[in-house]
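# Make a model of this:
(4 chains)
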There are 4 protein chains.
Amino acid sequence: MGQPVSVGIVGFRGYSGADLVRILSRHPHVQPVLLEHREDTGDGPKLKKPSPLRRAPCHPDSVVSEGLKAVFLATQPEVSMDLSASMLRAGAKVVDLSGAFRLGTAERYKKWYKAEHTQAELLADAVYGLPEFCRERISGAHLVSNPGCYPTAANLAIRPLIEAGVADRAAGIICDAKSGTSGAGRKPNARTGFCEVTENFSAYGVLNHRHVPEVLQISGLEEREFSFTAQLLPVDRGILETVYFRSSTLKSPEELLAIYEAAYATEPFIRLHELGSFPDLRGVARTNFCDIGVAFDAATGRGVVISAIDNLVKGAAGQAIQNMNLILGFAETDGLL
Amino acid sequence: MGQPVSVGIVGFRGYSGADLVRILSRHPHVQPVLLEHREDTGDGPKLKKPSPLRRAPCHPDSVVSEGLKAVFLATQPEVSMDLSASMLRAGAKVVDLSGAFRLGTAERYKKWYKAEHTQAELLADAVYGLPEFCRERISGAHLVSNPGCYPTAANLAIRPLIEAGVADRAAGIICDAKSGTSGAGRKPNARTGFCEVTENFSAYGVLNHRHVPEVLQISGLEEREFSFTAQLLPVDRGILETVYFRSSTLKSPEELLAIYEAAYATEPFIRLHELGSFPDLRGVARTNFCDIGVAFDAATGRGVVISAIDNLVKGAAGQAIQNMNLILGFAETDGLL
Amino acid sequence: MGQPVSVGIVGFRGYSGADLVRILSRHPHVQPVLLEHREDTGDGPKLKKPSPLRRAPCHPDSVVSEGLKAVFLATQPEVSMDLSASMLRAGAKVVDLSGAFRLGTAERYKKWYKAEHTQAELLADAVYGLPEFCRERISGAHLVSNPGCYPTAANLAIRPLIEAGVADRAAGIICDAKSGTSGAGRKPNARTGFCEVTENFSAYGVLNHRHVPEVLQISGLEEREFSFTAQLLPVDRGILETVYFRSSTLKSPEELLAIYEAAYATEPFIRLHELGSFPDLRGVARTNFCDIGVAFDAATGRGVVISAIDNLVKGAAGQAIQNMNLILGFAETDGLL
Amino acid sequence: MGQPVSVGIVGFRGYSGADLVRILSRHPHVQPVLLEHREDTGDGPKLKKPSPLRRAPCHPDSVVSEGLKAVFLATQPEVSMDLSASMLRAGAKVVDLSGAFRLGTAERYKKWYKAEHTQAELLADAVYGLPEFCRERISGAHLVSNPGCYPTAANLAIRPLIEAGVADRAAGIICDAKSGTSGAGRKPNARTGFCEVTENFSAYGVLNHRHVPEVLQISGLEEREFSFTAQLLPVDRGILETVYFRSSTLKSPEELLAIYEAAYATEPFIRLHELGSFPDLRGVARTNFCDIGVAFDAATGRGVVISAIDNLVKGAAGQAIQNMNLILGFAETDGLL
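Presented below is the predicted three-dimensional model:
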């Protein structure tokens, strides 16, 4: 199998970063190196024998000194912009988990993220990392922009429908999305305290969530055709999205399911449900799978597609490793099954 | 204020029944009597000084012996059918919390509940108990059919939209509904165990939930115009429904909000949110309120209405007491604020 | 009944403060006034029709202008010290929910709270507000120091045992305490985020929690006789404490239960369980009750006492209102049953 | 590495059984075979491509036909008794996860399990499977009795203390135990429904839990010296036990910690915390680790030991696989790190 390859992780104390560490520690060809970016604050319980993982400063020099072939950035967009540039210059490939490079242009970034893009010249080379639809471009990329968690589940549910041309787009496609609280990150805030979230459920980002443009880019929908609501579930991890559409051409639920079977016949991380069965969060927790189930009432033309992922795995760390496998030439499923 | 009036509760050990007991114990004009219908199974912890509430057999004779002016049936439909008939004959008014009398005809009952209706002759006299839209008929009723929990939140969100004629009905109205687990009742089953529900979220009854016809009846929508999915939240109590519509006539979110302000100007249990704010479960827990918030994007015609209730209060026991207040001539809000 | 009396609440946005508002809004003789102490940060969802409660600045002048007979301080100890002094001078009685006045002397405060006491001269007049054991002194007090949540449940479980002289004190009394997360307050921190608490359970303050001296003061135990561990439950509200002791004199569990029946025969807020039944959090949630259950194995002399309260009610706001009832001359249970 | 070895799993739909499947699917030397014992009831969501795992009837013939070297019994005690006998006769080694063979004699089984032992002749050969203290006997065993979840955490916390002779046994050892709900098994019952468990916490089996004799057997304590309470946490998985003791000989917390360091110096699955840090459930979830932290107040002789495990892993499936590794001659940690 040869020597394991070293890869760096910035932001390893956050939720996505911790999942990068967890999954990479079992990867057959890779050895993670923790790149210390900030002061150690509140690492939690302390074991007598600490983790044996290597640590190095979060600095471009570590790319050479540690022999890093790739660096994961599980950081805020403004940090990711700076580090992407310097790590690429130092010779590492970069998988960025932030929103910094997802939207293609500095204008769109400014519109949705309400901030200036400081590395606009990198945008042209950044490849959107949804392997099911962008696999070939990812394989040759130096900078992969890992998709948002909501858009991952949305695009995997919606794009086959649009490609097959069976949805009445004028009637609109609805995506009602629910996410576990880890999607908000580890930093304490007034909305994600235990007592605010437990026994509660609430909507936020109604119609204007910044993940919307990622769905439009990949699905091919126009903004006016797509309604999206993000909602906060009292669970740690998991996203479930319920997609509604109308079709005057589909003849049966079997025909709908066949569209997804054809689209995903060879995909290792997409699992389809039998008719009458639907995904749940439990089925995908701590996996890189996206589970999909469908329903259709032929008499009235009403259709539903439900997709579920683990927001920290297929929605973040797992998909980032799937992308790393592609850019470093490993088998796409290495460490992920 | 006069003497308190006695009212009976059948099914007081279930979740809705327990909330009837809880709320009626604080009602200024009413004294609850627990009508023992089945063997006492698993009452939980035992205090030295048991509840001081009166108990009587669940038998029509108790209507006379206990002087019951009304009886609440928090029972399964087949039990409710029998008891409604006998309690009415004994002279009590009845508020039935089951689905037995909600659908108007025996045919529709059979279609959606997969069982014969054994008291079809009572259907004509049963009044659907959604006070916001049926208040006058309720006041004169002997048998009130308390609405389902999902339809309560759905109709309060949807009917103003339909009455105002602003929704493009051909594009369909979507209701994505999420309910706490108490909606499934107290009887243990394989899907509602703690380990199945915690850290999970799942859909059931996609497009074919038996609460759908109640929404059609009150909202005025046709089945082909309405898509509904019921989903199970890892919370004890609460329902939140996210309703999507399209409108080519509405000019602004303010205009949308004004429709609801007009519709509910004098309603004591409907609370509207300011634009930009949306209901959550916590805000309505253990209250009889239905909270409603709206959003509309005038440029694209996409609209969202979010409603939240406590499924055991406005969705069951609280609304049943609101109905009792109407049929016994008390103030509609007595015991409920 | 006469005119309702006005009372002020400082810290009404915190969890204890919100429960003060909730309970006082139903109190038959009292009208709460919200005393604005800090900037309004993150009030959450906004209803069109805001709360009708009166608001006034948190300033001694409001005591006169609003006619406040009492002021509740649901604030940090350092804030409570300042406000207690100024509100007392302005003529209001004060119920302080912080730890500022619980420990009797400035030395003990400094030892356990690691800070100087700035109002040491008030300590002599402050009365510890555990009505079950200090009722008479409370009735005449101007400054009531409301007990900590853990000590309330601990003292109600332990003191009857010590007074009866049946515990072998040399073997030690163990109190294993578990609290809901609201006990940590509303301010976001790294340990109380939803994702840190859900599906978790952890100990903190092992053997050295600052609530220990309150237990010693009231129970009569020496520190060497008492082991206490505080632990964080993944629930919003509730405290359950499991107390272990050994006895070479008790003859039976019935004898143990009789000690509690005698001690609490006339107490309105203490409920005893039958032998074989034990309290749980659900039984006391949103009530001012303390539920107690006991077990004893006569063959080996091992005993257990379990107490449960709602940490925000009997452990904070409810008990504070019970104390207010005493100092303002209302019935002790007004607003609390 | 050679051919993988086949092992059977009975009870694979239960919670412990599902964890056996999950962990064995990653084991480098073993291939699990699902032994179908009962009717398939409620398998949950159905994927189009079902699990590729082999299935065979739960019958002794399958031992030969499938070449099973070992069989796991994740079944009720009465089922385990029958199957242990028949599977052993068919030539498989057996790891039984029930309580059937834990207590050494038929008399003790009857006393604590309230039922007759139907395979008393097997008791003499059954080896108690706590590797940290019984490793050598396990290696040569044909029938391993996998420990209970509570006793695993209790004995790993208590036995070093007793072996070191530092605890004042006359003062008693207290074990306050808290377990996630999966410990109650998958079968629906009135106490483990979501709405009963969420936002709740309760004690059961106070002083008389049937896991007590397992603790006495391994720790060396007498029943009169040991107080145990089992309590139900609103979490899916995990056990945390807080052990209290008194010592007149220990000089410092460091000395206490050194006892555990010496006892577990070479143990792969015991992790010790630094002084001042304590285990939590999150740290051990889905691992085979037992984490232990200690505290001691030298001035007063009060000591605390806290242990945490995942009740389904080190408390059931993981430890069972650790035992299988020993009896089949694999490395003890195979598949478990």
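
# only C-alpha atoms for contact and neighbour calcs from this point on.
OK.

# Relative to residue A:176, how far out is residue A:226?
Going from residue A:226 to residue A:176 by Cα to Cα, to the nearest Å gives 11 Å.

# Please apply the same query to residue A:246.
15 Å.

# ok, now residue A:254?
23 Å.

# Between those two, which is the more surrounded one?
Between residue A:254 and residue A:176, counted using other Cα atoms under 10 Å in any protein chain shown, residue A:176 has the larger neighbour count: 26 against 14.

# That one: what's it in contact with?
Shown in contact with residue A:176 (Cα atoms under 8 Å, 6 or more residues apart in numbering or on different chains): A:228, A:229, A:230, A:241, A:242, A:243, B:176, B:242.

# and the third one, what pLDDT?
Which is residue A:230. Model confidence at residue A:230, given as pLDDT, is 98.

# Show me the domain layout of chain A.
If you go by automatic domain parsing, the domain ranges for chain A are A:5-146+A:316-328, A:149-309.

# Tell me the secondary structure at the residue nearest to residue A:294 when sequence neighbours are not counted.
Among residues not flanking residue A:294 along the chain, residue A:305 sits closest, at 4.5 Å (Cα to Cα, 6 or more residues apart in numbering or on different chains). Of the three states, residue A:305 takes strand under DSSP: H, G, I helix; E, B strand; the rest coil.

# Output the set of residues of the stretch 151-300 of chain A in proximity to chain B.
Proximity of the stretch 151-300 of chain A to chain B (Cα under 8 Å from any Cα of the partner chain) is limited to residues A:170-172, A:174, A:176, A:198-204, A:206-207, A:223-224, A:227, A:233-237, A:240, A:242, A:244, A:246, A:278-282, A:295, A:297, A:300.

# all helices of the stretch 201-337 of chain A, in order?
For the stretch 201-337 of chain A, applying DSSP state H, counting those that start in this stretch gives helices covering A:212-219, A:253-263, A:281-284, A:317-328.

# residues near residue A:175, how many?
27.

# State the helix or strand in which it lies.
Applying DSSP states H and E as the criterion places residue A:175 in strand A:173-179.

# In contact with the residue of the stretch 201-337 of chain A found nearest chain C, which residues?
Here the residue of the stretch 201-337 of chain A nearest chain C is residue A:236; by Cα to the nearest Cα that distance is 5.2 Å. Taking Cα under 8 Å, 6+ apart, we find residue A:236 in contact with A:180, A:181, A:182, B:199, C:194, C:195, C:198.

# ok, and of these, which contact chain D?
residue C:198.

# Identify, from the contacts of residue A:236, the entry nearest to chain D.
Set against chain D, the nearest of those by Cα to the nearest Cα is residue C:198 (7.4 Å).

# Could you tell me what pLDDT the model assigned to the closest residue to residue A:27 other than its chain neighbours?
Excluding its sequence neighbours, the residue lying closest to residue A:27 (Cα to Cα, 6+ apart) is residue A:335, at 4.2 Å. Note for residue A:335: predicted pLDDT of 97.

# Identify the residues contacting residue A:335.
For residue A:335, the contact set (Cα under 8 Å, 6+ apart) comprises A:23, A:24, A:26, A:27, A:28.

# Among the residues you listed, which one has the most neighbours?
residue A:24 leads those on contacts (other Cα under 10 Å) with 23 neighbours.

# Tell me the confidence at it?
pLDDT, residue A:24: 98.

# just the one 10 residues further on next, same as before
At residue A:34, the pLDDT value in this model is 97.

# One more: residue A:203?
96.

# That one contacts residue A:232, correct?
Yes: at 6.3 Å, residue A:203 and residue A:232 qualify as touching, with contact defined as Cα atoms under 8 Å.

# Those two: who's more crowded?
Neighbour count, other Cα under 10 Å: between residue A:203 and residue A:232, residue A:232 has more, with 23 against 20.

# quick one: contacts for the more buried one?
A:178, A:179, A:180, A:181, A:197, A:201, A:202, A:203, A:204.

# Could you check how far the residue nearest to the fourth one when sequence neighbours are not counted is from residue A:162?
Right, the one you point to is residue A:181. Distances taken as Cα to Cα, 6+ apart put residue A:236 closest to residue A:181, at 5.4 Å, once the chain neighbours are dropped. For residue A:236, the distance to residue A:162 (Cα to Cα) stands at 32 Å.

# Identify the residues contacting residue A:50.
So residue A:50 contacts nothing (Cα under 8 Å, 6+ apart).

# Assumed it was part of a helix.
No: counting by three-state DSSP, residue A:50 falls outside a helix, being coil.

# Need phi/psi at it.
Note on residue A:50: backbone dihedrals following degrees, to the nearest 10 are phi -70, psi 170.

# Likewise for the one 4 residues further on?
Main-chain torsions, residue A:54, degrees, to the nearest 10: phi -70, psi 150.

# distance between the ends of stretch A:293-301?
End-to-end distance of stretch A:293-301: 17 Å, with Cα to Cα as the criterion.

# scratch that, stretch A:111-120 is what I was asking about
14 Å.

# What residues sit buried inside it?
By 16 or more other Cα atoms under 10 Å in any protein chain shown, the buried positions in stretch A:111-120 come out as A:112, A:113, A:117, A:119, A:120.

# Surely the second one is in contact with residue A:210?
Read it as residue A:113. Yes: here residue A:113 reaches residue A:210: they are 6.9 Å apart, a contact under Cα under 8 Å.

# who touches both of the two?
Listed as contacting both residue A:113 and residue A:210 by Cα under 8 Å, 6+ apart is no residue at all.

# contacting residues for residue A:196?
The contact partners of residue A:196, taken as Cα under 8 Å, 6+ apart, are residue A:190.

# ugh, typo on my part, it should be residue A:297
So residue A:297 contacts A:252, A:253, A:303, B:207 (Cα under 8 Å, 6+ apart).

# which other helices and strands contact the one helix or strand residue A:95 maps to?
Element membership of residue A:95, judged by DSSP H and E, is strand A:93-96. Contact partners of strand A:93-96 among helices and strands, from 3 or more Cα pairs under 8 Å, 6 or more residues apart in numbering or on different chains; DSSP states H and E: strand A:68-73, helix A:77-89, strand A:143-145, helix A:317-328.

# Could you point out the helix or strand that follows it?
Once the chain leaves strand A:93-96, the next helix or strand it forms, by DSSP H and E, is helix A:106-113.
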